[in-house]
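J.: Predicted coordinates and the sequence they were generated for:
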Amino acid sequence: MRPKQKPTPGKVKHLQLVAPAPASVGRTDIQGNAVYSRILLSVPDDEYEAVLPHLQFVDLPMNRSLHESPDGLEYGYFLNMGLASLVIETQDGRSVEVGIVGREGFVGVPLAAGLTLTPYRACVQAKGNGFRIKAEVLEVTLSSTPNLRLRLSQYAQAQGMQVAQLAACNRLHEIDQRLARWLLMCQDRIGSDLLPMTHEFFAQMLGTGRPSVSLAAAVLQRAGFIQYAHGTVKISDRKGLEGAACECYAVIQKIDGSISTFPSLSS
């Protein structure tokens with residue numbers, strides 16, 4: 001009998017990555033799909049009932065483009081599961097991520113102010129699902145849903161602070177610190193230790209070359225903070241990774257925490 005082959009240290013088995021579903025709170029769309037979007041869960045029942053007929057449940061496969069910056073915003077998206085990146089692209093083909101959205105947020109925040117233009121491209125970087133709503137329908141609906149309008153405005157402000165912090169981070173901090181910060185932000189939103197990432201994707205999101213990202217990932221792996229294989233990253237030592245991240249992670253984590261404590265009009 002052939003002896004069993006021992007697993008190679010530092011490797012992660014190739015797994016189909018499915019983020020664990022959050023605990024259901026009982027709110028669903030008209031088709032019975034559970035709602036996990038924190039913004040949709042935060043509004044009063046009457047406001048949710050007002051927006052409910054206009055919500056379209058959509059699957060969000062990896063790499064799906066939610067909007068391209070030159071085309072304006074046709075839809076807004078309340079994410080249920082998964083992860084979307086807000087990306088700035090230059091004419092020479094370079095790109096850098098300036099924001100990350102999970103179920104805490106909304107893709108298309110300019111719509112909260114009646115705007116349909118954005119400099120960002122939004123793409124799905126971890127598959128999931130969510131609810132989309134037409135831009136013109138949302139504009140009309142917000143006039144009769146003050147709490148939803150407030151929540152979207154508050155999230156827009158928080159996202160603006162995140163974008164500003166990431167702009168400073170991308171300019172001032174070392175690549176291994178930025179990579180650690182980015183992995184932690186992704187884990188916070190996906191809710192899993194396993195992240196679907198490749199070195200090419202790291203490079204695109206962090207606005208640097210693949211060799212630099214490969215070296216940074218190797219540093220984090222040698223330290224035992226992560227394991228990488230088959231396009232999958234496993235966070236094996238979160239505390240260690242937090243120590244390796246730059247100060248920007250703590251700032252962004254504080255901003256993220258403030259989103260859930262924003263007051264509503266009824267509070």
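T.: Good, I have the coordinates.

J.: Please make it C-alpha for all contacts and neighbour counts, starting now.
T.: OK.

J.: Where in the chain is the helix or strand with the lowest mean pLDDT?
T.: Ranked by mean pLDDT, DSSP states H and E, the helix or strand of the chain with the weakest confidence is helix 199-206, at a mean of 70.

J.: could you give me the average pLDDT of the very next helix or strand once past that one?
T.: If you walk from helix 199-206 toward the C-terminus, the next helix or strand you reach (DSSP states H and E) is helix 210-222. Average pLDDT, helix 210-222: 87.

J.: Stretch 239-247 now?
T.: Averaged over stretch 239-247, pLDDT sits at 96.

J.: for stretch 103-116, same thing?
T.: The average of the pLDDT scores along stretch 103-116 is 92.

J.: which parts of it are buried?
T.: If you call a residue buried by 16 or more other C-alpha atoms under 10 Å, then stretch 103-116 has these buried ones: 103-112, 116.

J.: Equivalent analysis for stretch 150-170, please.
T.: Of the residues in stretch 150-170, 150-156, 158-159, 161-163, 165-166, 169-170 count as buried by neighbour count, 16+ other C-alpha under 10 Å.

J.: from the middle of its chain, how far away would it be?
T.: The offset between the C-alpha centroid of stretch 150-170 and the centroid of the whole chain comes to 13 Å, using C-alpha atoms, centre = their mean, to the nearest Å.

J.: can I get the CA coordinates of that stretch in PDB?
T.: What follows is stretch 150-170, C-alpha atoms only, in PDB (Å, rounded to 0.1, in the frame of the first residue of the first chain):
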ATOM      1  CA  LEU A 150     -29.600  59.300   6.400                       C
ATOM      2  CA  ARG A 151     -27.900  55.900   6.500                       C
ATOM      3  CA  LEU A 152     -26.700  56.200   3.000                       C
ATOM      4  CA  SER A 153     -25.400  59.700   3.600                       C
ATOM      5  CA  GLN A 154     -23.600  58.600   6.800                       C
ATOM      6  CA  TYR A 155     -22.100  55.600   4.900                       C
ATOM      7  CA  ALA A 156     -21.000  58.000   2.100                       C
ATOM      8  CA  GLN A 157     -19.100  60.100   4.700                       C
ATOM      9  CA  ALA A 158     -17.500  57.000   6.200                       C
ATOM     10  CA  GLN A 159     -16.500  55.800   2.800                       C
ATOM     11  CA  GLY A 160     -15.000  59.200   2.000                       C
ATOM     12  CA  MET A 161     -12.800  58.900   5.100                       C
ATOM     13  CA  GLN A 162     -11.800  55.400   4.100                       C
ATOM     14  CA  VAL A 163     -10.800  56.600   0.700                       C
ATOM     15  CA  ALA A 164      -8.700  59.500   2.100                       C
ATOM     16  CA  GLN A 165      -6.900  57.100   4.600                       C
ATOM     17  CA  LEU A 166      -6.100  54.600   1.800                       C
ATOM     18  CA  ALA A 167      -4.700  57.400  -0.400                       C
ATOM     19  CA  ALA A 168      -2.300  58.300   2.400                       C
ATOM     20  CA  CYS A 169      -1.500  54.600   3.000                       C
ATOM     21  CA  ASN A 170      -0.700  53.900  -0.600                       C
END
